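Q: okay, sequence plus prediction incoming.
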Amino acid sequence: MSNCIMIQGTMSGVGKSLVTAGLCRIFYQDGMTVAPFKSQNMALNSYITKEGLEMGRAQVVQAQAACTEPSVLMNPILLKPCTDMGSQVIVNGEVIGTMKAVDYYAYRPGLRGVIRHAYEKLCESYDMIVIEGAGSPAEINLNQDDLVNMGIAEMFDAPVLLVADIDRGGVFAQIYGTIMLLPSEQRTRIRGVIINKFRGDPEILKPGLTMIEDLTGVPVLGVVPYMHIDIDDEDSVIRRDNTAHKPLEIAVIRFPRISNATDFNPLDRLDAVHVNYVGSMAEFSNPDMVILPGTKSTMADLEWMRQNGLEALVKKTAAAGKPILGICGGYQMLGTVIRDPHNTERGGQIAGLSLLPVETVFEPQKIRLRSSGTICETSGAFKKLSGASFDGYQIHMGISVPSDDVCAFALLTDGSRDGAVCKNVAGTYIHGLFDQNAAAALEEMLLEQRGISRDELPVVSDAAAFRESQYDLLAAELRKSLDMDKIREIY
């Protein structure tokens with residue numbers, strides 16, 4: 001078996017994914033072949049592999065940090081919440097159905113073989129596996145048949161590093177409570193503690209570190225400062241700290257079930273563009289452009305937008321001639337009608353915003369494929385985007401059919417066409433649309449619309465080079481903050 005180490009957390013959001021990504025880059029820099037692994041991920045940010053299989057975006061980020069190709073073996077089980085009580089269940093990149101939580105907990109013991117097979121296949125190709133847990137190992141109501149934290153550590157005999165978030169407060173209670181709630185045989189698997197997101201003078205913290213080590217018997221292996229690293233978010237809870245004044249604003253509708261919000265991170269990195277995630281009329285100001293993003297529940301989120309008044313504001317913005325773009329579920333909403341004859345979401349039909357002459361029908365089978373190509377030539381508001389290239393992917397349940405007289409938005413390399421564009425309104429199923437040169441083209445489009453000279457702005461960094469620089473910065477900060485010699489002794 002390969003060497004392995006597991007990153008668990010005192011709770012969700014402590015930074016497990018970021019620490020995992022940083023360790024992946026460090027071990028890669030040290031000459032190892034490295035793969036991330038998360039047995040089960042619950043997130044709405046997903047990705048389509050070259051094989052057309054679906055996996056969690058966090059493990060894609062970690063694979064990129066390790067300079068290796070993303071594979072569903074790295075995330076064999078993905079849960080995509082579609083209601084408060086149920087999720088779409090994806091196993092080995094394929095949808096097997098939608099389950100309520102109680103049904104999934106009854107079903108999941110049968111997935112042990114799936115998890116073991118995925119991990120052992122990774123071990124055939126990699127020197128080092130960095131495993132990420134989920135939530136907290138101290139969820140005592142869920143520990144029976146656990147398949148994400150200590151159950152995985154035991155399955156693969158993995159030493160565990162426990163990450164705690166000091167920025168939220170109560171870090172010592174987090175650490176002590178988590179360790180003490182575990183059975184004694186599981187406590188011994190925790191070989192070190194990492195305190196994450198620290199702001200201030202570490203000297204003030206030192207007495208507490210000594211006391212928590214005495215109380216738990218577990219060494220603190222490092223205090224990681226609060227890092228301003230620009231790496232894709234694991235899920236759709238957007239907490240971006242972009243407060244700098246920028247002349248352009250893009251409003252992204254923040255649906256309750258927004259998915260693949262990482263589509264817009266490249267836009268937020270542009271020098272002239274601020275991305276404002278809007279969830280109410282009060283947050284909607286006077287944007288230069290509106291984007292309707294993807295969503296796991298198109299019909300329900302369309303009703304939400306209709307009921308809280310955002311639909312009217314989007315239509316008003318469109319009537320003013322400003323560009324409106326819909327991606328995936330957002331594209332479906334821009335059409336005239338959405339039909340669900342197979343009860344894929346909830347059955348029946350719902351009227352769209354009628355900003356594009358497009359009809360959508362939900363089908364039981366999910367479409368998953370990589371999609372590369374260029375944006376079509378157009379004479380409308382999106383003219384500046386003509387010819388911009390992309391290498392993205394599609395994940396959707398619906399088939400959208402534009403009327404015969406509507407131009408397609410994108411031309412794919414296989415000769416097929418995607419989406420629709422009509423004057424200042426466009427829609428597409430392509431995720432990752434802005435990861436290449438379309439982001440800079442969009443910025444030029446909006447600058448021209450506002451009469452601002454592009455020459456007045458700094459040069460935008462190459463997206464791929466910028467991403468690599470962020471992984472290197474993350475690794476460098478972890479090397480400074482963690483006792484890497486002790487961590488090497490642990491695995």
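A: Happy to help now that I have it.
Q: can you pull the pLDDT of the residue nearest to residue 304 when sequence neighbours are not counted?
A: Distances taken as Cβ to Cβ, 6 or more residues apart in numbering put residue 256 closest to residue 304, at 5.8 Å, once the chain neighbours are dropped. Where C-beta positions appear, they are placed from N, C-alpha and C, glycine not excepted. In this prediction, residue 256 carries a pLDDT score of 92.
Q: what about residue 291, which helix or strand?
A: With the criterion set as DSSP states H and E, the secondary-structure element containing residue 291 is strand 289-292.
Q: ok, residues contacting the helix or strand that comes right after that strand?
A: Along the chain past strand 289-292, the next helix or strand (assigned with DSSP H and E) turns out to be strand 294-295. If you take Cβ atoms under 8 Å, 6 or more residues apart in numbering as the criterion, strand 294-295 is touched by 255, 257-260, 263, 301, 327-330, 395, 431.
Q: and these as JSON lines, adding distance to residue 86, neighbour count and secondary structure?
A: As requested, those are exported to JSON lines (distance: Cβ to Cβ, whole Å; neighbours: other Cβ atoms under 10 Å; DSSP: H, G, I helix; E, B strand; the rest coil):
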{"residue": "255", "distance to residue 86": "17", "neighbour count": "28", "secondary structure": "coil"}
{"residue": "257", "distance to residue 86": "12", "neighbour count": "19", "secondary structure": "coil"}
{"residue": "258", "distance to residue 86": "18", "neighbour count": "25", "secondary structure": "strand"}
{"residue": "259", "distance to residue 86": "15", "neighbour count": "28", "secondary structure": "strand"}
{"residue": "260", "distance to residue 86": "20", "neighbour count": "25", "secondary structure": "coil"}
{"residue": "263", "distance to residue 86": "25", "neighbour count": "23", "secondary structure": "helix"}
{"residue": "301", "distance to residue 86": "16", "neighbour count": "24", "secondary structure": "helix"}
{"residue": "327", "distance to residue 86": "24", "neighbour count": "30", "secondary structure": "strand"}
{"residue": "328", "distance to residue 86": "20", "neighbour count": "27", "secondary structure": "coil"}
{"residue": "329", "distance to residue 86": "18", "neighbour count": "28", "secondary structure": "helix"}
{"residue": "330", "distance to residue 86": "22", "neighbour count": "28", "secondary structure": "helix"}
{"residue": "395", "distance to residue 86": "18", "neighbour count": "20", "secondary structure": "strand"}
{"residue": "431", "distance to residue 86": "23", "neighbour count": "27", "secondary structure": "strand"}
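Q: and the helix or strand hosting residue 360, which residues are buried?
A: When secondary structure is defined using DSSP H and E, the element that contains residue 360 is strand 358-375. Under the neighbour-count criterion of 16 or more other Cβ atoms under 10 Å, strand 358-375 has 358-362, 366, 368, 370-375 buried.
Q: those: which two are farthest apart?
A: Comparing all pairs in the buried residues of strand 358-375 by Cβ to Cβ, the longest separation belongs to 362 and 374, at 28.3 Å.
Q: next one: the longest helix along the chain to chain centre, how far?
A: Ranked by residue count under DSSP state H, the longest helix found in the chain is helix 463-481. Chain-centre distance of helix 463-481: 18 Å, with Cα atoms, centre = their mean, to the nearest Å.
Q: ok, residues contacting that helix?
A: The set of residues external to helix 463-481 that reach it, using Cβ under 8 Å, 6+ apart, is 18-19, 21-23, 25-26, 29, 64-65, 222-225, 227, 229-231, 266, 269, 435-436, 439.
Q: now, of those, which are buried?
A: By 16+ other Cβ under 10 Å, the contacts of helix 463-481 give 18-19, 21-23, 25-26, 29, 64-65, 222-224, 227, 230-231, 266, 269, 435-436, 439 as buried.
Q: show the pLDDT at residue 452.
A: Looking at residue 452 specifically, the model assigns a pLDDT of 87.
Q: go ahead and confirm it touches residue 272.
A: Yes: Residue 452 is in contact with residue 272 according to Cβ atoms under 8 Å; the separation is 7.2 Å.
Q: tell me, what's touching the two both at once?
A: Between them, residue 452 and residue 272 share these contacting residues under Cβ under 8 Å, 6+ apart: 247, 248.
Q: higher neighbour count, those two?
A: For the pair residue 452 and residue 272, the greater number of neighbours falls to residue 272 (20 against 16), based on other Cβ atoms under 10 Å.
Q: surely that one touches residue 447?
A: Yes: shown here, residue 272 and residue 447 form a contact pair, counting by Cβ under 8 Å, at 6.1 Å.
Q: residues making contact with stretch 209-220?
A: With Cβ under 8 Å, 6+ apart, stretch 209-220 has contacts from 162, 172, 175-176, 179-180, 190-195, 223, 486.
Q: meant to ask about stretch 351-359, not that
A: Residues from elsewhere that reach stretch 351-359 (Cβ under 8 Å, 6+ apart): 302, 311, 314-315, 318, 324, 326, 331-339, 360, 400-403, 405-406, 420, 422, 425-427.
Q: could you export the helix or strand containing residue 396 as CSV, CA atoms only?
A: Using DSSP H and E, the secondary-structure element containing residue 396 is strand 389-402. The C-alpha coordinates for strand 389-402 follow below in CSV (Å, rounded to 0.1, in the frame of the first residue of the first chain):
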residue,chain,number,x,y,z
SER,A,389,-12.0,29.6,-26.4
PHE,A,390,-13.1,27.4,-23.5
ASP,A,391,-12.4,23.9,-22.2
GLY,A,392,-15.2,23.2,-19.8
TYR,A,393,-17.8,20.6,-19.0
GLN,A,394,-21.6,20.0,-18.9
ILE,A,395,-23.7,18.6,-16.0
HIS,A,396,-27.4,18.8,-16.5
MET,A,397,-30.7,16.9,-16.6
GLY,A,398,-32.5,19.0,-19.1
ILE,A,399,-32.6,19.3,-22.9
SER,A,400,-33.0,22.9,-24.1
VAL,A,401,-34.2,23.6,-27.6
PRO,A,402,-34.0,27.1,-29.0
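Q: what angle do that strand and strand 358-375 make?
A: If you take axes from the mean of the first three to the mean of the last three Cα atoms, to 10 degrees, strand 389-402 sits at 160 degrees to strand 358-375.
Q: give me the sheet partners of the helix or strand following strand 389-402 and which way each runs.
A: Helices and strands here follow DSSP H and E; after strand 389-402, the next one along the chain is strand 410-412. Strands that pair with strand 410-412, judged by DSSP bridges, come out as strand 358-375 (antiparallel), strand 417-418 (antiparallel).
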